[in-house]
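Novice: Fold the following and give me the result.
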Amino acid sequence: MAKRQRRGWGHIRKLPSRRTPGRGRWQASYIGRDNQRHIAPHTFGDRVSAERWLAEERRLRDSEEWTTPAQRDAQRWTPGETLAEFGTRWIAERNVKPRTRALYESQFSGHIVPDLGDVPVRHLTAERVRGWYARLGSEHPRRNSQVYGLLHAIVGTAVKDGALATNPCQIERAMNTTRKREPTILLVPELAALADSDKMPEQYKPLVLLAAWCGLRWGEVIELRRRDVGAGCEVLTVARAVTHHGGCRIDTPKSGKARTVVVPPHIRAVVKHHLDAHVGPGDDDKLFTPARGGCHLNDKVFADSYYKPALKDIGREGVTIHMLRHFGGTMSARVGGTVAETMRRLGHSTVKASMAYQQAVDERDVEIAAALSRLAEGK
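Specialist: Below is the predicted model:
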């Protein structure tokens, strides 16, 4: 634990170093004229530098020139900085995946900068934000929710930096919009019929079953390799996902963590047959490869060539590939999986995200109603 150095005025302490014990940097702080503790906006390489900063702060504190260190630091580094400049820097400094960064850049430049980009950060008000949000319209509620959330996060950092006193993004429920279209969940027999359709090539039947019953994302299922399938096809290791924005990019799953998923016993034989008949012998050989060559199976090509024709064949159109993942979340909850268990199975990091993949189904509602009657009858 870092030791705080007691002094006549202000405090200096040496922070612990994770890499090199005993060689941490120094932090300085003091109580300002507002009776609040203020910490230096950066740490120091040695104690002397920290002492020098405190001495200058004490001189300012005793004069009429004093403002908080955070306010002065914001003014020093962002004099008149516009939202476009601040937001661009904010996105560049985020520790996020390339695909997420690209999404932020697209949303920021396409939906925030045109209206608010020229506004100095310190002049951004709740009234300006409300006007901007109203001009987004109501045709794309999910997009609006994401863009508003991005602005809220960017301006939240400006508040922490002292450039703004409060966050001007104060529109209630702007980040909690409802879906414009609820996902369609296939029934269990319909899913089996989809995989068995004559329009679905044999080598892609396990893809449909694994995506649905194991709740895999498209980028996860097409990056599966022989080494990811455990003995007896009982367990899948989901350690990677692929995106094709700006080239083929293989990374960790969206959550940033690998996970293991137990394969339901009723589809293990199908997976075993697929490994024997359609997958190369090497540990690095992909489970699913494009029929016409390429890095990975393309979702649009797969949907147009096989998935949509198979859906039409069983009389169920309008079910997207992504809705197979909703099937996995719904079925997991239906058989009694807790929220935590479903989160782990689908690779979610938040309860809100997991609940979005658990849909009520008519059959389950009938079962619940029957159980309530049995409860009322004392059975």
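Novice: list the contacts for W132?
Specialist: Residues near W132 by C-beta atoms under 8 Å, 6 or more residues apart in numbering: I112, D115, L116. No exception for glycine: its C-beta is placed from N, CA and C like everyone else's.
Novice: One more: V121?
Specialist: T78, E81, T82, L83, F86, V155, A158, A163, L164.
Novice: any idea which of those is closest to Q107?
Specialist: Nearest to Q107, judged by C-beta to C-beta, of the contacts of V121 is L83 at 13.5 Å.
Novice: wait, doesn't the closest one sit right on L124?
Specialist: Yes - counting by C-beta atoms under 8 Å, L124 is a contact partner of L83 at 6.3 Å.
Novice: Mutual contacts of those two, please.
Specialist: L116.
Novice: tally of neighbours for the residue nearest to A126 when sequence neighbours are not counted?
Specialist: The spatial neighbour of A126 that comes closest, neighbours along the chain excluded (C-beta to C-beta, 6 or more residues apart in numbering), is P168 at 4.4 Å. Close neighbours of P168, defined as other C-beta atoms under 10 Å, add up to 21.
Novice: And the contacts of V121, which is closest to D284?
Specialist: Each of the contacts of V121 was scored against D284 by C-beta to C-beta, and F86 proved nearest at 44.0 Å.
Novice: Surely the closest one touches G156?
Specialist: No - contact between F86 and G156 fails when scored by C-beta under 8 Å: they sit 11.7 Å apart.
Novice: Same drill for the two, tell me which one is more crowded.
Specialist: For the pair F86 and G156, the greater number of neighbours falls to F86 (22 against 14), based on other C-beta under 10 Å.
Novice: so how far is G215 from the residue nearest to that one when sequence neighbours are not counted?
Specialist: Nearest in space to F86, with sequence neighbours left out and distances taken as C-beta to C-beta, 6+ apart, is V121 at 5.0 Å. Separation of V121 from G215 (C-beta to C-beta, to the nearest Å): 41 Å.
Novice: do the same with L186
Specialist: 13 Å.
Novice: just K312 next, same as before
Specialist: The value you get for K312 to G215, if C-beta to C-beta is used, is 24 Å.
Novice: repeat for G294
Specialist: G294 is 25 Å from G215, where distance means C-beta to C-beta.
Novice: In the stretch 101-250 of the chain, what residue spans correspond to helices?
Specialist: Here the stretch 101-250 of the chain has its helices, by DSSP state H, counting those that start in this stretch, at 113-116, 126-135, 141-160, 188-196, 205-213, 218-221.
Novice: Can you add mean pLDDT and give these back as JSON lines?
Specialist: What follows is these, written out as JSON lines (pLDDT from 0 to 100):
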{"stretch": "helix 113-116", "mean pLDDT": "96"}
{"stretch": "helix 126-135", "mean pLDDT": "94"}
{"stretch": "helix 141-160", "mean pLDDT": "92"}
{"stretch": "helix 188-196", "mean pLDDT": "94"}
{"stretch": "helix 205-213", "mean pLDDT": "94"}
{"stretch": "helix 218-221", "mean pLDDT": "93"}
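Novice: got CSV for the ones you listed, with distance to R334 too?
Specialist: Below are the helices of the stretch 101-250 of the chain laid out as CSV (distance: least, C-beta to C-beta, whole Å):
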stretch, distance to R334
helix 113-116, 44
helix 126-135, 38
helix 141-160, 26
helix 188-196, 10
helix 205-213, 12
helix 218-221, 22
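Novice: Quick one: closest of the ones you listed to N176.
Specialist: For N176, the closest of those is helix 141-160, at 7.2 Å, according to C-beta to C-beta.
Novice: Return the set of buried residues in the closest one.
Specialist: Using 16 or more other C-beta atoms under 10 Å as the test for burial, helix 141-160 gives 144-148, 150-155, 157-158.
Novice: list the helices and strands it packs on?
Specialist: If you count contacts as 3 or more C-beta pairs under 8 Å, 6 or more residues apart in numbering; DSSP states H and E, helix 141-160 packs onto helix 83-93, helix 98-107, helix 126-135.
Novice: rerun at 7 Å
Specialist: The contact analysis (3 or more C-beta pairs under 7 Å, 6 or more residues apart in numbering; DSSP states H and E) places helix 141-160 against helix 83-93, helix 98-107.
Novice: just the ones you listed: most buried one?
Specialist: Highest mean neighbour count among these (mean count of other C-beta atoms under 10 Å): helix 83-93, with a mean of 18.
Novice: rewinding a little: and which of the contacts of W132 is nearest L194?
Specialist: Looking across the contacts of W132 and measuring by C-beta to C-beta, the closest to L194 is I112, at 40.6 Å.
Novice: list the contacts for the closest one?
Specialist: Counting by C-beta atoms under 7 Å, 6 or more residues apart in numbering, I112 makes contact with G87, V147, L151.
Novice: In contact with the last one: list those residues for me.
Specialist: To tie it back to what came earlier, the one meant is L151. Per C-beta under 7 Å, 6+ apart, neighbours of L151: I112, C169.
Novice: sorry, back to before: tell me which of K312 and G215 has more neighbours.
Specialist: Neighbour comparison, K312 and G215: the larger count goes to G215, with 25 against 12 (by other C-beta under 10 Å).
Novice: re the thing from before, closest to G45 out of the helices of the stretch 101-250 of the chain?
Specialist: Going by C-beta to C-beta, the one of the helices of the stretch 101-250 of the chain nearest G45 is helix 141-160, 23.9 Å.
Novice: This completes my enquiry, with thanks.
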